[in-house]
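1. got a structure for you, letters missing:
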Ligand SMILES: O=C1O[C@H](COP(=O)(O)O)[C@@H](O)[C@H](O)[C@H]1O
């Protein structure tokens, strides 16, 4: 059972990304040292991709056996595969094309010019088959929008009520409008959930998520891990939190 979310605040977005990269390496190495293959869902977004770029630049990158990591995404933009908006494409550029991943373990959500054509429901259902077949999800990494969306689960949207594991998302308030997303019940299957966010625009949503908001109005509030929920913040995104909420000094 997950305890209360923990909060770690860093002085700026760059330090936030660098320390999150270090955390991710440690998490993957720890799981691999038990003989298991870690299963991690990556996030798009500014800090999410910056984290992967920091990891690529770190000598610790090579402590991970990347051929033995099962990689998912929390959400994806349903646009053609060459579109720079694709979360997977950004992750490939930042890290995954530079390490020895096993392509069979890299589970990209289908693009709009992929095997399902423009049928986003079929693409989401195919991804649900992959997710439903996993015994364990070790870690879901999430960015958060200023209105509290996580993955592509937006406030008051149909996805926030959906109990399937993966859904097609239409009419997103943030472009592009059509997406595929893990749902909150799938995110809550994860052992650990990290919400990683930076900037003043996120401050109110961070405070509401940690202050007891409901998940329909603020989906981030429903993104919890079975063992641990970690808010990894920069100083600006933490600026609306009550004093004393961080368990670690700002560094
Ligand atoms: O659209 C998305 O936005 C969120 C947050 O992005 P950020 O740039 O504001 O940090 C991201 O987590 C999600 O994966 C992405 O598709």
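-> Yep, it's here. No experiment lies behind these values; they were computed from the predicted model shown.
2. Let's verify the nearest residue to residue 213 once chain neighbours are set aside: helix, strand, or coil?
-> Once flanking residues are discounted, residue 213 sits nearest to residue 221: 4.6 Å by CB to CB, 6 or more residues apart in numbering. No exception for glycine: its C-beta is placed from N, CA and C like everyone else's. Under DSSP: H, G, I helix; E, B strand; the rest coil, residue 221 falls in the helix class.
3. Kindly state the beta-bridge partners for the closest residue to residue 228 other than its chain neighbours.
-> Nearest residue to residue 228 in three dimensions, chain neighbours excluded: residue 192, at 4.7 Å (CB to CB, 6+ apart). Taking DSSP bridges as the rule, residue 192 bridges to residue 139, residue 228.
4. residues touching residue 192, list them.
-> 27, 138-140, 225, 227-230 (CB atoms under 8 Å, 6 or more residues apart in numbering).
5. Mark which of those are buried, thanks.
-> 27, 138-140, 225, 228-230 (16 or more other CB atoms under 10 Å).
6. Out of those residues, flag the one nearest to residue 131.
-> Nearest to residue 131 out of these is residue 140 (CB to CB; 10.8 Å).
7. Run a quick neighbour tally on the residue in the stretch 101-250 of the chain that the ligand sits nearest to.
-> Closest contact between the stretch 101-250 of the chain and the ligand, by CB to the nearest ligand atom, is at residue 143 (2.4 Å). Each residue near residue 143 was counted by other CB atoms under 10 Å, and the total is 25.
8. what's the pLDDT at the closest residue to it other than its chain neighbours?
-> Nearest residue to residue 143, sequence neighbours excluded (CB to CB, 6+ apart): residue 45, at 3.2 Å. pLDDT for residue 45: 96.
9. How about residue 99?
-> 98.
10. contacting residues around it?
-> If you count contacts by CB under 8 Å, 6+ apart, then residue 99 has 56, 61, 64, 66 around it.
11. from the chain's centre, how far out does stretch 52-66 sit?
-> 18 Å (CA atoms, centre = their mean, to the nearest Å).
12. any idea of the mean pLDDT for it?
-> Mean predicted confidence for stretch 52-66 is 98.
13. The residue nearest to residue 213 - how many residues pack around it?
-> There are 21 residues near residue 221, going by other CB under 10 Å.
14. Quickly note the distance from it to residue 154.
-> Distance, residue 221 to residue 154, by CB to CB, to the nearest Å: 13 Å.
15. cool, residue 25 as well?
-> Taking CB to CB, one finds residue 25 at 31 Å from residue 154.
16. The two: which has the busier surroundings?
-> Taking neighbours as other CB under 10 Å, residue 25 and residue 154 compare with residue 154 leading, 22 against 18.
17. Give me the pLDDT value at that one.
-> Confidence score, pLDDT, at residue 154: 98.
18. do residue 3 as well
-> 76.
19. Surely it is in a strand?
-> No - counting by three-state DSSP, residue 3 is not part of a strand but coil.
20. List the contacts of it.
-> Applying CB under 8 Å, 6+ apart, the residues near residue 3 are 228-229.
21. how near is it to residue 174?
-> In terms of CB to CB, residue 3 sits 31 Å off from residue 174.
22. Now do the SS call for the nearest residue to residue 106 once chain neighbours are set aside.
-> Nearest-residue entry for residue 106: residue 71, 4.8 Å, with adjacent residues in sequence omitted and distances by CB to CB, 6+ apart. Secondary structure assignment for residue 71 (three-state DSSP): strand.
23. Can you tell me who residue 71 pairs with across the strands?
-> With DSSP bridges as the rule, residue 71 is bridged to residue 40, residue 106.
24. pLDDT added to the buried ones among the contacts of residue 192, as CSV?
-> As requested, the buried ones among the contacts of residue 192 are arranged in CSV below (pLDDT from 0 to 100):
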residue, pLDDT
27, 98
138, 98
139, 98
140, 99
225, 98
228, 98
229, 98
230, 98
